[in-house]
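Chemist: starting from these lines, generate the structure:
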Amino acid sequence: MSTVRIRYSGYCRSDTIVKHPNMFSNWKDIGLDNLTIGFEAVDDGTLKQFNKNNFVEFNENAIKILNKLHINFSSYFLIDPDFERKDFQKISNYVSRLNLIRPRFVILTPLPATKLFEKKKNEINMSYDFFDFMHWVFPTKMTSKEFFQNFVQLYYKAFSFKRYLRILFHNIFNSLNIFKAQWNKIKYLSIVELVLLRIMARPLRKKLYEHYSK
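Modeler: Now for the predicted structure:
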C-alpha cells in the first residue's frame, strides 16, 4: 500500500499556536508546510485599538514554536493610514529584531458591514476597485507621497539584499563556530525567491507611485 505524501498550508491565529503546540507538531508530521498569521501590530495598545483580542506575547511565542518545528509562516501587519514615520519604523525594527523572513504589510481597509466602515464611510474617497489592501481609501495623516514612500520602504527593507547577506553571514559564522557563544541559526529566503519577490513588486510599486505621487 503506497503512502500519500502531501504538503499543505493554512491560516491561523498566534494564540491558537501557543495553546496547542503539539497539534501543530502533529500537523507538521503530515505535511503542514506554511501558515499565514495575522500579527497585525507590534504592541498591545495597537492590537487593542484594532480589536484583535490578542497580545504581542502570543505572537512572539508563536514565532518560537514555529521556528522550532521548522514550519514556514507569513506574518501580516496592518498599516493604518493614521500612521506617522515613527510607526513605520517601529514595525520595520520589529521585523528585523525577530528575524521575520516573510512579513507582509497590508493597508487597514474599512470593509463594508464592519464597524470600521461605519466609522470611516464619510471619509472614504476611493471606489471599491481600490479595496485591495494595497491602497489607502481614506485620507492619510502624512501626505500621500510620504505615506507611499514609507509603505514601500517597509517592503524593500524587509526583502533587501543587505538583510539577506547579514543573515547569511550570521549563519556562516555560526556554522564555523567562530565565537565562543553559540549563535542561533536564522532562517532566510533563498536568493531566487528574494529576487523574484523584488521583480514582482516593481509593477505594484509603479502603479502606487503613479497614483499617489501626482
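Chemist: which secondary structure elements does the lengthiest helix in the chain contact?
Modeler: Identified as the longest helix of the chain according to DSSP state H is helix 191-212. Secondary-structure packing of helix 191-212 (3 or more Cβ pairs under 8 Å, 6 or more residues apart in numbering; DSSP states H and E): helix 144-158, helix 161-176. (Each C-beta comes from the backbone N, C-alpha and C, glycine too.)
Chemist: read off the pLDDT value for residue 150.
Modeler: In this prediction, residue 150 carries a pLDDT score of 95.
Chemist: which residues sit in contact with it?
Modeler: Neighbouring residues of residue 150 by Cβ atoms under 8 Å, 6 or more residues apart in numbering: 83, 85, 88, 142.
Chemist: same question, residue 108
Modeler: Contact partners of residue 108, counting by Cβ under 8 Å, 6+ apart, are 50, 78-81, 116.
Chemist: looking at these, which is nearest residue 202?
Modeler: Each of those was checked against residue 202 using Cβ to Cβ; the closest is residue 79, at 19.8 Å.
Chemist: shouldn't that closest one be in contact with residue 105?
Modeler: Yes - with contacts defined as Cβ atoms under 8 Å, residue 79 counts as touching residue 105 at a distance of 5.3 Å.
Chemist: overlap in contacts of these two?
Modeler: 91, 151, 154.
Chemist: and the angle from the helix or strand bottoming out on mean pLDDT in the chain to helix 191-212?
Modeler: Every helix and strand of the chain was ranked by mean pLDDT, DSSP states H and E. The lowest is helix 161-176, at a mean of 79. Going by axes from the mean of the first three to the mean of the last three Cα atoms, to 10 degrees, helix 161-176 is angled at 160 degrees with respect to helix 191-212.
Chemist: please identify the buried residues of helix 161-176?
Modeler: Going by neighbour count (16 or more other Cβ atoms under 10 Å), the buried part of helix 161-176 is 163-164, 167, 170-171.
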